[in-house]
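1. Quick one: sequence and predicted model below, then my questions.
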Amino acid sequence: FLTQEVLDLRDESGFPGMKVLEFAFDARDTGAASDYLRMFGGCPTLVNMGINGLIATGYILITGGDLNGPTIGGILTIMGFSAFGKHVTLIHNHRRYVCKHCGKRFAENNFFAPKYYRVTLRLINEIFKKTESERSFTSIAKDVNLSVSTIIRFFDILSYDAPKELPEVLSIDEFKGNTDKEKYQVIITNPADGTVLDILPDRKQSHLISYFKQWSREERNSVKFFVSDMWKPYSDLSEIYFKQAIQLVDKYHYIRQVIWAFERVRKRIQKQYGKDYRLLFKNSKRILTMRKSKLNPEQSERVEHLLYINADMQSAYYLKELFYEILDNKDSDKRKKLLSQWISIAQNSRLKDYRDCATTFVNWSKSIFNTFDYPYTNGFTEGCNNKIKVLKRNAYGYRNFNRFRKRILHMFNYKKSNIGKAAA
């Protein structure tokens, strides 16, 4: 029942004290998914069980055995191994020697376990590899048959420092981490090469300033692009500490300003009518926000009916579609000119929601216009935030920020750094 991997470890160790002590049926929670089921899926596992069961049955029949209770129990045991796997325990008799001349005592060296450790390097590396995923420490502990505290203790060996130099493209965003009594944490990335640089404990401007002060002015001036959402402290940070950088607002954040304005108009209008029309507007939210060019004939007819009901709805829909047409324009200079015209139309609109949206666009016009000339967005950073949310949800939250930060950096940078930087 020993796999080739186990036999290779035993044979290559070169120590006569290495022996296989035992292998046993997985005695963990019976309702938990087995190793084979998780690794290969249900169909291959069932096929493996059936083949091994047939082989065992055939062996009994060929040798003239009887299919009685004990033999059937043995067949089921073999099928159980085929489904649930087995744990192998390797015992190494670690020998110590004494020098006959000076009396000094010393232990023999081995390649598979660090000094003073009772686990192999392969197991530690496997733990590092598993913590690269969004799985919780508890889930990983069940996999490797160790306690949760042991997994955490090994993980704490790793250390990730702040980046030594700043990239040409710097992206910054916040996510809801709820750790160390702070609601939001900050993620800093390089969207140009898809690298997570660091995680900060909060988004307070004082902490952001103290963090970026660790680099000299010359190093900060090496940043050519600063990408963020439409949060004023980020803009102020860029203007003060990254004066040479071109500030870009993430496209998603200014596009949704137009969608939000349209949605506020829709919600206000649907409240003016009775139940039937109110439900009609509410249930038509998706097709109203869709681009007109993507609607099928039935959806287009329904939208036309809704626009016919209210003049404000017609104006809001016209402004939304006009904005989409501007985004579709490939000429950067023409797009800037058209957007300026759109802002002027929105400012003169009778709809307050679009006037507010136009004011926001005026305040962020420089950063918005820059996005027409350069391709960088916060798309990679937002994707990282989604993965962090999965990690946090699987672990039911993290109370220790340092461990949370290390887990995030390890999750994104493990493959690039092999096993991170082990603490001395």
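-> Perfect, I can see it now.

2. and whichever strand or helix holds H253, how far from the chain's centre?
-> Using DSSP states H and E, H253 sits in helix 251-270. Here helix 251-270 is found 28 Å from its chain centre; the criterion is Cα atoms, centre = their mean, to the nearest Å.

3. buried set for that helix?
-> By 16 or more other Cβ atoms under 10 Å, the buried positions in helix 251-270 come out as 251, 253-254, 257-258, 261-266, 268-270. All C-beta atoms are positioned from the backbone trio N, CA, C, and that covers glycine.

4. Please put the alpha-carbon coordinates of it into PDB.
-> The C-alpha trace of helix 251-270 is given here as PDB (Å, rounded to 0.1, in the frame of the first residue of the first chain):
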ATOM      1  CA  LYS A 251     -12.700  53.800 -15.400                       C
ATOM      2  CA  TYR A 252     -15.200  51.800 -13.500                       C
ATOM      3  CA  HIS A 253     -15.500  54.400 -10.800                       C
ATOM      4  CA  TYR A 254     -16.400  57.300 -13.100                       C
ATOM      5  CA  ILE A 255     -18.600  55.300 -15.400                       C
ATOM      6  CA  ARG A 256     -20.700  54.200 -12.400                       C
ATOM      7  CA  GLN A 257     -21.300  57.800 -11.500                       C
ATOM      8  CA  VAL A 258     -23.400  58.100 -14.600                       C
ATOM      9  CA  ILE A 259     -25.200  54.800 -13.800                       C
ATOM     10  CA  TRP A 260     -25.900  55.900 -10.300                       C
ATOM     11  CA  ALA A 261     -27.400  59.200 -11.500                       C
ATOM     12  CA  PHE A 262     -29.600  57.300 -13.900                       C
ATOM     13  CA  GLU A 263     -30.700  54.900 -11.200                       C
ATOM     14  CA  ARG A 264     -31.600  57.700  -8.800                       C
ATOM     15  CA  VAL A 265     -33.800  59.200 -11.500                       C
ATOM     16  CA  ARG A 266     -35.500  55.800 -12.100                       C
ATOM     17  CA  LYS A 267     -36.100  55.300  -8.400                       C
ATOM     18  CA  ARG A 268     -37.600  58.700  -8.000                       C
ATOM     19  CA  ILE A 269     -39.900  58.300 -11.000                       C
ATOM     20  CA  GLN A 270     -41.200  54.900 -10.000                       C
END
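
5. List the contacts of the helix or strand just after that helix.
-> The C-terminal neighbour of helix 251-270 among helices and strands, as given by DSSP H and E, is helix 275-283. Residues outside helix 275-283 that contact it (Cβ atoms under 8 Å, 6 or more residues apart in numbering) are 266, 269-271, 273, 288, 306, 309.

6. In JSON lines, list those residues along with pLDDT and distance to L208.
-> Output for these, formatted as JSON lines (pLDDT from 0 to 100; distance: Cβ to Cβ, whole Å):
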{"residue": "R266", "pLDDT": "91", "distance to L208": "37"}
{"residue": "I269", "pLDDT": "90", "distance to L208": "41"}
{"residue": "Q270", "pLDDT": "88", "distance to L208": "41"}
{"residue": "K271", "pLDDT": "88", "distance to L208": "41"}
{"residue": "Y273", "pLDDT": "86", "distance to L208": "47"}
{"residue": "L288", "pLDDT": "91", "distance to L208": "39"}
{"residue": "L306", "pLDDT": "88", "distance to L208": "45"}
{"residue": "I309", "pLDDT": "88", "distance to L208": "48"}
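
7. I'd like these as CSV, with distance to K387 appended.
-> Formatted as CSV, these follow (distance: Cβ to Cβ, whole Å):
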residue, distance to K387
R266, 33
I269, 38
Q270, 36
K271, 39
Y273, 43
L288, 32
L306, 38
I309, 43
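
8. Including distance to S159, could the buried residues of helix 251-270 go into JSON lines?
-> Below are the buried residues of helix 251-270 laid out as JSON lines (distance: Cβ to Cβ, whole Å):
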{"residue": "K251", "distance to S159": "36"}
{"residue": "H253", "distance to S159": "34"}
{"residue": "Y254", "distance to S159": "38"}
{"residue": "Q257", "distance to S159": "41"}
{"residue": "V258", "distance to S159": "45"}
{"residue": "A261", "distance to S159": "47"}
{"residue": "F262", "distance to S159": "48"}
{"residue": "E263", "distance to S159": "46"}
{"residue": "R264", "distance to S159": "48"}
{"residue": "V265", "distance to S159": "52"}
{"residue": "R266", "distance to S159": "51"}
{"residue": "R268", "distance to S159": "54"}
{"residue": "I269", "distance to S159": "57"}
{"residue": "Q270", "distance to S159": "55"}
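
9. Could you work out the most separated pair of those?
-> K251 and Q270 (28.7 Å; Cβ to Cβ).

10. tell me the contacts of F242?
-> 170, 220-221, 223, 226.

11. of those, buried ones?
-> For those, buried by 16+ other Cβ under 10 Å: 170, 220, 223, 226.

12. any idea how far R220 lies from G74?
-> 71 Å (Cβ to Cβ, to the nearest Å).

13. What of W364?
-> Distance, W364 to G74, using Cβ to Cβ: 74 Å.

14. between the two, which one's more packed in?
-> W364 (18 against 13; other Cβ atoms under 10 Å).

15. I figured that one was touching Y254, is that so?
-> Yes: judged on Cβ atoms under 8 Å, W364 makes contact with Y254 at a distance of 6.7 Å.

16. Any chance you could list residues touching both of those two?
-> If you check W364 and Y254 against Cβ under 8 Å, 6+ apart, the residues they both contact are M230.

17. quick one, phi psi at V249?
-> When quoted as degrees, to the nearest 10, the phi and psi of V249 stand at phi -100, psi 130.

18. number of nearby residues for it?
-> 24.

19. Just the pLDDT for it.
-> Note for V249: predicted pLDDT of 95.

20. quick one: low-confidence parts of the stretch 51-200 of the chain?
-> For the stretch 51-200 of the chain, the stretches with pLDDT under 70 are 84-90.

21. can you map out the helices along it?
-> 69-84, 121-130, 137-144, 148-155 (DSSP state H, counting those that start in this stretch).

22. Can you lay out the ones you listed as CSV showing distance to I55?
-> Converted to CSV, the helices of the stretch 51-200 of the chain look like this (distance: least, Cβ to Cβ, whole Å):
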stretch, distance to I55
helix 69-84, 8
helix 121-130, 30
helix 137-144, 28
helix 148-155, 37
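
23. Any idea which of the ones you listed gets closest to K100?
-> Of all these, helix 121-130 sits nearest to K100, with 32.0 Å by Cβ to Cβ.

24. what angle separates that closest one from helix 137-144?
-> Per axes from the mean of the first three to the mean of the last three Cα atoms, to 10 degrees, the angle that helix 121-130 makes with helix 137-144 is 140 degrees.
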